[in-house]
Each structure stands twice: as C-alpha cells, then as structure tokens.
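Colleague: no sequence on this one, just coordinates:
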C-alpha cells in the first residue's frame, strides 16, 4: 500500500520506518534530523531507504492510500494546510490518519478541510522506546466515524496487531481525549509519588519500599510509580497544560493538574535543595558533578529536563559544574548559549568521561537513569571526589552499602 | 517672607480679593483658564479656580525671586549641604538622574538589579532551597510610605514573575503577626528598611520576624538568607547579621521621606522590574529638569508652592485636602501627609529665629469618590475655608464600553466637585445653601504609570521645597519627632520596672489602670 507520512519528529520517523518495514511504499514528507536521538531509528530508516520502500520527499505521493499526519503538536496550522491540499487531486479512496496530539477538536477541522474520511490514532509510545512501542503496542486506538476508513486502517495495522487484538474503536473526540487523559494520569502518578517521597523523608520511611507495596495492588500496578527529579519532555508538558485548560474550560476550577505541574516544577530542583541544605546555604565555592542531562535515558532530548533546572539553580548560587551525558549533543550547548549568561557558561565543564566529571567535586548528582550509571566504580568515585556525596535522583543505588562505604547518600524519599 | 516688597504688595491685594466671590472671577473673563493654567507634555496644572488675578500672580512670582528661590534650586541640585541642622545635603534629585548617575548610585542600581534578577528568575532561595515567593517590607515612615504608595498604585503593572509584596510598619506587631499566619517561612523574605538601622519600630519587628524564621530554619546561616537590609549604616546591618550580598545602601544625603528613589525602592523594583523602577525615576527626573529650567511663570512646582503660600499666608486658609480621582492612589494622601507636614511643619527659621507667620497647613485626603461620601460635606457647608488639590487621569481602565462609562462618571464627578466648591448655590433654605468660594487646584495627567507617578511625586517634593524657601525654613530635618521617641524609651523603662515615679498623674494613672487590668485578665 502507498502511504504518505507528514512530519519530522521521532513519532513520524518511527511510523514511516515501521510501515516501510512491513512492505508498504512510504513517502516521508519531512527530514531525518532527529533520527539519532532514538535507539535503532537510524538503522531502521537506512535499511528501508536502501530497500527502496521508503522515500524522503518534499512533495507527497498523489496516489497514496493513506495520509498520516504526525506533525509536532504545535503545528496545527501546517496540518490544516496539508488537509486543504489533500482535498483536491488525491486518490479518492485515501484516508487520513492523525497521529499528532493536536488541540482538542482539530480532528473536526481537518475532516472538513480535507473532505476525506479521517481517523484519530494517537501515538502512545514514549521516546527512547518508540520503535518497540509502534511494533508491539499496548493498544491501537481508532477514533473515527467512517466505517470504510476503519476497515482500511485495520488492514494497514494488521502486522502490529497479530499476537492478540489490541484495537479499541471509539469516537474521534474520545480518542483525542484518551491521549490527553493518559498523559494527565501518568503525570499525576509521578507527582503524587514525589509528594509521598517528601513525606517518606519526613517520616523516615523509604519510598522504594512504599512503591513496591503500592504497585503490587492490582488496581494500581507498578508502572509510573517512581519518585525522582520530576518529569520532562516538551510534548508531555504541553499536553498537561492543554488538558488543564480543557478541564478548566469545562467548568472545574479545582486545579488538580495545576498542582501536578507545580509539584513537578518544584521536584526538578529537589537535588538542589538537598545540596543547599547539606552545605548550609553556602555553595559558591563548590564544584558539582552532574550525570545525565536528557530527561530520560536513550534520548538526547533535553526539553523540560529536570537537569536544566538543577544547572540553573546551582550556577546562580555560584557553583562550578562538571557534566557528563552519554548522548550530549549540540542542543545542550545551544541551550547554554541561549539561556545562561556568559559568566555562568564559563563555570560549566562538559566532560567526555563519566569519571572525569567527578574529579575534585563536592557532590555528584545523578539525574538520568542511563544504564552506564547503574553500577559505577565507587572506589574511583571516592578517589576522584573532594567530598564523597552522592545525590541519587533516580534511586539507583544501595543507600546502606554506600553509607557503609563512607559516602554521604541522598536519594529521593528515602 | 514678610520683609519682602512682594509681601507688602500682596497683603492689600489679599484684603480686596477676599471680598470677591471666586465664581465672579470667571464672570466675563473667557480667558481665565488660558491665563491660569500651565501645560507640559505630561501634565496640566489648572489654578484658575484659585482666588488669584494677574497682579497677584505677578507679585507671587516676585516673592519667589525676592526669596532667592533660583539660587536655592541650584543649591538643591548641586548637592550643597542645605539641611543645615544635620549638616547634610538633600540630594534626592541625584538618585534619579538616570542619564548621568553618581558612581555610588549606579553601583547600588547594579546590586539591586542583581537581586531583582535572582528574585524574578526564582533563584533567590530561603533555608530550604525553595525560591522566595513573598516579600515583607519592614520599615516605617519614608521606608514604608513611599514603596507602599507606589506598589499599590501600580499593581496593574506588576510583572507575572514578581513575588507578592507585603508591608509592615506598626510597632505593635499585630500587622506582622496577622501576615505571618498566612506566610510560609521557607519562602518568605524580609526587607529591613531603616535609614539608621537603629529605629526601634523597625528593629523590634525585624527581631520578631527573625524569631519566626528561626523556628523553622535549621541554622543561623540559613536564617540570614531571609533578610535583606537597606540602610545608610552598613556596620549596623552587619552587626544585625545581614549578609554582605543582601545589603543595599543609601547615604545620609537622602532624607527618609525622599528615599523611595534610593535602594529603599527595592520592593518597587521587585514588583515592576528594574525597568519599571527606572521609569519611576525617569518621571521624577523629567520633573527635576522642568523645575530646574523653566521660568517661574511656567514652572508647575513653583506655581503650586506659591499658590499654597497665597492661600495660607494671605487668604488665611487653614487646611489642604488631597483628592485623587483614582482608587489606585489610595495611599497618596498618607504619603503627602509625611512629605508636606514633616518637611514644613516647623516654626523655626534657618537663621534660628521663630517664624512670625503660618507655615505648613494641616494636610489630609482620600480617594475623591470615597471622600465625597465622607468629608466633602464639610468642604461644601462647613465653617472651615479649605484648599483642595484634585488629581485626575485622562485614561480609563480600558476601551470597553463599561470602562469608558466609569471613567466618564469619574471625570464628571471630579469636575463637578471642584465646580460646586467654586460656584456654590444660593438658597433661602440654609440647609440647601452652598456658599461655594472654596479654592482648588486641578492636576491632570494622561495616565497613571510608573513615569507619571514619579513625575507627580517629584512635583509635590519641589512644591514643598519652594514653600520652605519662601518660609525660610529647613524642610529636610524633623526634630519634632525626637522628643516622643525619647519619652517612649523613658516610659518603657518605667513599665519594665513597674514604677510611676516622676511621671505626671495622667500617665501614671493610665499605667496603673493597665497594670490593674492585666492582673485581672
């Protein structure tokens, strides 16, 4: 089948790559700039391009059976332009699939403009696990009122729905809201856990133990119960503010999600507060190592990353910083240049090696759970560091063992 | 004043003009407004509703010249030590010379800007590491009234990133305690604003605030993160514990009631940003330039001051009402009470002799539309002869129909009241008889923003200065407030030792009653 995929984000690239891999002829109207930030994506795209099933183009295939819109959530206006142009002169039986997380109601406008049957098929896969999320999804939501389009969509997605049927059909409005609701629920769980973590510290409990007890309840489940330094990711935060507005506009003024957002903003600075209190509000002669800048492992995405809030807070108190991240790229140096005064930029040293970053430091903050950070050589750390303090923003380490081995350990909620 | 030729010419003019009703000055004179108003780019001053004619105005201008006003203005602006009893300059104009600031002023601006930047980027931290969200300004007199008046007036210009600003001034601490109940110690910052850093009002409140933070804070070092000091006395600030990076300074040549232009204006900068704060200074500076350079006949502060002298010393009016027709100027009258009455409420001349004429009238005021339902009755039908300043802004809240309606209603009321006070209305029924003949100024500004507010405040400062020059008094000291402070310490000692020895019977009687009631409670 012939497919046009509009978009350049990871979701669009993964969708194009995976659909080409299952034998379709895919035209990607976008660019590959973001392919390196998702594990396996570069290889997937290269293979499909070489096989001739994937083509990168500035114009779409006029004969395509499917039009998949996978633009950034802020690109509603571009989506409308595409819809308008699809109205005339495309394959009359083509159907339009919206995978972008646009503002509520965009579906309606796009259907009217394109005069084609439309489907809302939200992408639930998270960055860092996008390919597996596409190939073996928990669920495939089809939001549409067009029976023919639904049949056609099912044919296209059959290869990803083989093990057992994960398709759920619903109205487009419900599909749009389901995507927002999912992110709102995940965000709420994380912020609740972070609040509970603070209570655990206060009470002398350990949030890791609480998490296990809590998650074993089948009504709750284990996922997204990790206390940490807060969630990031640009789209996630946009979604949260949009759903906040939807709820507010619908007449509720109670502000649950506003609290979720505020707690998260506070949580991004949690390790700062621990260092600040440890050093009795005096940080201007301190050097701090930071492991992990991206907001999640296996990604170079730093938008809304908690590490950025930590970096700003430490620099404003006069600290020097030594930074290591396995996938640190130009987006971080761009952020530095755009956000920080020159004097502050000069106090950041970007290190090529995780241990080098700890040399002569007064604290180590672990911000992202990259696999290489799970089991570091603590002897090397102790030798390198001026003061062996570990601030474990992801609760990766054995706090008792570290304490026995002369480290000062601060976790989250323990 | 009374030795001048102008004075002797004005005296008989006053006697004859007293006989004329104010409204008749308008009769048949279509040019009266033209003749008795001054308009600049930013401000219109209408004094046609004063009992004045061209001859009177001419002699009042002569009075200013004979009083050496121009040389005094030059002394003021050059930083000469014109506060002679305290051997200090009164150089507040140097605080707002935004294009050509003194080195030390520019240095404090930079320090202020750094603190404001930290605050606005949520990087000013309390003991817990959380960012500060609330600022409490503890100060009294000039360290309170100016910032309070300005931040209240410019609430609509508050930056979204600004913290909440609160003001505490009264030494009974009830104001402070009420506020502390609502605040979180880990995110509250106190500004201790005191010129000398010895004022007991301020320091007693600062100690209470410190204890409140200490209850929550783990160490002295972390407690001190919650206090910014603003003073002319860095030694005292350091002794109290203010961290060097949280000390802002000003200088003995800044009078307390002129200090909002100095680092005392920090709370203003927190609310409006440094840009808003500098706009305020720029407005005042624009008035400084006007005052310094315009001929007296077109010089608004000079005219405002001379008209006040005419009313006080020649027409024998006893009080001055300040009537802003804008609710945002709620604290403006309180601010002027200090500015005018603490400056010119004196009866000793610069040469050490007593004055033989009246000086500053009693001044009070209220937002006009509210005052209409309070004390305007007295203005219209009472026995007192009063002079009033109506203050009005052209721009309303917005361009919506309702906003336009409210603004028109507001303008109509302001103009109606000044007109009613002028023309009155005769009736055989004395209850419905309005004598009129009450004089007023009207100040019209385009809008109420930082620039225009700075301009307005500086206008009154210079008006006060003009009057002080004619009255030959020093407006920059305030010896009158010292005796009460001293006696308070004396009575506090009596209370602490529970004795009434050597106290007058009234004071002793009240103390004894308090002690008795305390025992019964």
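Modeller: Perfect, thanks for sending it. What you are looking at is a predicted structure, and each value in this text was computed from that prediction instead of being measured. Residues are numbered from 1 along each chain as shown, chains lettered A, B, ... in the order given.

Colleague: Specify the local secondary structure of residue A:289.
Modeller: Each residue gets one of three states, and residue A:289 gets strand by DSSP: H, G, I helix; E, B strand; the rest coil.

Colleague: So which bits of chain B are right by chain A?
Modeller: Contacts of chain B with chain A, taken as CB under 8 Å from any CB of the partner chain, map to B:118, B:121, B:123, B:125, B:127-130, B:218-219, B:221-222, B:225. The C-beta positions use only the backbone N, C-alpha and C, and glycine is treated the same way.

Colleague: Any of these buried? List them.
Modeller: B:118, B:125, B:127, B:128, B:129, B:130, B:222, B:225 (16 or more other CB atoms under 10 Å in any protein chain shown).

Colleague: Helices - which of those land there?
Modeller: B:118, B:222 (DSSP state H).

Colleague: can you pull the pLDDT of residue A:89?
Modeller: With respect to pLDDT, residue A:89 scores 67.

Colleague: Please give me every residue in contact with whichever residue of chain B sits closest to chain A.
Modeller: Proximity of chain B to chain A (CB to the nearest CB) peaks at residue B:129, 3.2 Å away. By CB atoms under 8 Å, 6 or more residues apart in numbering or on different chains, the contact set of residue B:129 is A:269, A:272, A:273, A:274, A:276, A:277, A:281, A:313.

Colleague: you'd agree residue A:49 is up against residue A:43?
Modeller: No. Using CB atoms under 8 Å, residue A:49 and residue A:43 do not qualify as a contacting pair, with a distance of 10.9 Å.

Colleague: Looking at the two now, which is surrounded by more residues?
Modeller: residue A:49 (16 against 12; other CB atoms under 10 Å in any protein chain shown).

Colleague: What separation do you get for the more buried one and chain B?
Modeller: 45 Å (CB to the nearest CB, to the nearest Å).

Colleague: what does residue A:97 give?
Modeller: Residue A:97 is 39 Å from chain B, by CB to the nearest CB.

Colleague: packing partners for the helix or strand hosting that residue?
Modeller: Secondary structure assignment for residue A:97, by DSSP states H and E: strand A:95-98. Contact here means 3 or more CB pairs under 8 Å, 6 or more residues apart in numbering or on different chains; DSSP states H and E; on that basis strand A:95-98 packs against strand A:66-69, helix A:76-87, helix A:106-114, strand A:118-120, helix A:147-157.

Colleague: change it to 10 Å
Modeller: When contacts are defined as 3 or more CB pairs under 10 Å, 6 or more residues apart in numbering or on different chains; DSSP states H and E, strand A:95-98 packs onto strand A:2-6, strand A:66-69, helix A:76-87, helix A:106-114, strand A:118-120, helix A:147-157, helix A:172-203.

Colleague: Buried ones in the first one, by neighbour count?
Modeller: Spelled out, that is strand A:2-6. For strand A:2-6, using 16+ other CB under 10 Å, the buried residues are A:3, A:4, A:5, A:6.

Colleague: and which of the residues you listed is nearest chain B?
Modeller: residue A:6 (35.9 Å).

Colleague: looking at it, the closest one is touching residue A:61, isn't it?
Modeller: No. Contact criterion CB atoms under 10 Å: residue A:6 and residue A:61 do not qualify, at 11.4 Å.

Colleague: Tell me the residue of the stretch 201-350 of chain A that sits nearest chain B?
Modeller: For the stretch 201-350 of chain A, CB to the nearest CB, closest residue to chain B: residue A:273, 3.2 Å.

Colleague: quick one: contacts for that residue?
Modeller: Contact partners of residue A:273, counting by CB atoms under 10 Å, 6 or more residues apart in numbering or on different chains, are A:266, A:267, A:313, A:410, B:125, B:127, B:128, B:129, B:130, B:186.

Colleague: what secondary structure does the last one sit in?
Modeller: Assigned state for residue B:186: helix (three-state reduction, three-state DSSP).

Colleague: Identify the spatial nearest neighbour of it, chain neighbours not counted.
Modeller: residue B:128 (4.1 Å; CB to CB, 6 or more residues apart in numbering or on different chains).

Colleague: can you pull the contacts of that neighbour?
Modeller: A:273, A:276-277, A:281, B:184-187, B:216-218, B:222, B:225.

Colleague: likewise residue B:340?
Modeller: Residue B:340 neighbours (CB under 10 Å, 6+ apart): B:257, B:308, B:320, B:322, B:360-363, B:460-461, B:463-464, B:467, B:475.

Colleague: When you compare pLDDT across these, which one is lowest?
Modeller: Ranked by pLDDT, the contacts of residue B:340 bottom out at residue B:257, which has 94.

Colleague: where does the closest residue to it other than its chain neighbours land on pLDDT?
Modeller: The shortest distance from residue B:257 to any non-neighbouring residue, by CB to CB, 6+ apart, is to residue B:142 (4.3 Å). pLDDT for residue B:142: 90.

Colleague: got it, and the one 10 residues further on?
Modeller: Residue B:152 is assigned a predicted lDDT (pLDDT) of 97.

Colleague: Now stretch B:490-508: buried residues?
Modeller: Quick answer for stretch B:490-508 (16+ other CB under 10 Å): B:494, B:500, B:503.

Colleague: so can I have JSON lines of these showing secondary structure?
Modeller: Shown next, in JSON lines, are those (three-state DSSP):
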{"residue": "B:494", "secondary structure": "helix"}
{"residue": "B:500", "secondary structure": "coil"}
{"residue": "B:503", "secondary structure": "coil"}
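
Colleague: now check stretch A:177-197, is it near chain B?
Modeller: No. Using CB under 10 Å from any CB of the partner chain, we find that stretch A:177-197 stays clear of chain B, coming within 14.3 Å at best.

Colleague: now the strands for the stretch 151-300 of chain B?
Modeller: Under the criterion DSSP state E, counting those that start in this stretch, the stretch 151-300 of chain B carries strands at the ranges B:164-168, B:188-193, B:227-231, B:247-249.

Colleague: Quick check: next helix or strand after the helix or strand that residue B:389 is a member of?
Modeller: Taking DSSP H and E as the definition, one finds residue B:389 inside strand B:386-393. Sequence order places helix B:401-423 as the next helix or strand after strand B:386-393, per DSSP H and E.
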